[in-house]
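In: For reference, the sequence and a predicted model appear below.
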Amino acid sequence: MADRPRLIFLLNSAQRRLQQWMTAQPAWPVSGGGAPTSSQAGVLFALAKTDGITMGELADALDLAPSAVSGLIQRMEALHWVQRRPGPDDARTQRVWLLDAGRTQLPALKQALQHVNARLYEGFTDEELHTVARWLRHVQHLDDASPH
């Protein structure tokens with residue numbers, strides 16, 4: 001049997017290099033307040049799909065800790081991309097809304113994401129990409145009850 005790949009090393013290295021490569025792309029949009037980070041882009045895409053979701057729903061959608069989402073939203077509010085408001089039924093529940101300045105980021109973000117995905121897909125068949133995606137979903141759920 002051939003040596004198995006060093007998955008932890010490869011995953012960590014790939015994530016770091018992907019982030020570096022993405023921020024260096026000239027296609028990544030820049031506007032007032034600078035270019036959105038990948039996390040900020042995730043928020044913008046989530047709100048474009050379901051505007052006015054709760055902070056908890058946003059954390060789930062982005063697979064982030066609620067405390068991380070709170071700081072992320074605070075920074076995005078300072079850029080006037082989003083706004084938090086209390087929920088109509090419970091003032092303790094904060095809902096997040098996409099503002100016009102955030103909405104104007106979306107077309108360039110979508111174009112940049114198409115460019116990034118095209119580069120990531122290069123040289124791989126659809127079957128190979130589905131295997132990679134299945135493995136990454138498996139990694140996302142390692143803390144779930146594992147079958148023995």
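Out: That came through, no problem. Numbers count the residues shown, from 1 in each chain.

In: Skipping adjacent residues, who's closest to the residue positioned nearest the centre of the chain in space?
Out: Taking Cα atoms, centre = their mean, the centroid of the chain lies closest to Gly42, which sits 3.6 Å from it. Leaving aside its chain neighbours, Gly42 sits nearest to Leu62 (5.0 Å; criterion: Cβ to Cβ, 6 or more residues apart in numbering). Glycine gets a C-beta too; all of them are placed from N, C-alpha and C.

In: Distance check, that neighbour against Ala68.
Out: Going from Leu62 to Ala68 by Cβ to Cβ, to the nearest Å gives 8 Å.

In: Compare neighbour counts for the two and give me the winner.
Out: Leu62 (16 against 12; other Cβ atoms under 10 Å).

In: Might one say that that one is in contact with Leu44?
Out: No: checked against Cβ atoms under 8 Å, the pair Leu62 and Leu44 is beyond contact range at 11.0 Å.

In: can you pull the buried residues of stretch 42-60?
Out: Buried residues in stretch 42-60, defined by neighbour count with 16 or more other Cβ atoms under 10 Å: Gly42, Val43, Leu44, Phe45, Ala46, Leu47, Ile53, Met55, Glu57, Leu58, Ala59.

In: go on, stretch 91-98?
Out: In terms of neighbour count (16+ other Cβ under 10 Å), stretch 91-98 has its buried residues at Gln94, Arg95, Val96, Leu98.

In: How about stretch 110-130?
Out: Ala112, Leu113, Val116.

In: Could you find the closest non-adjacent residue to the last one?
Out: The shortest distance from Val116 to any residue that is not its chain neighbour, by Cβ to Cβ, 6+ apart, is 6.1 Å, and that residue is Met22.
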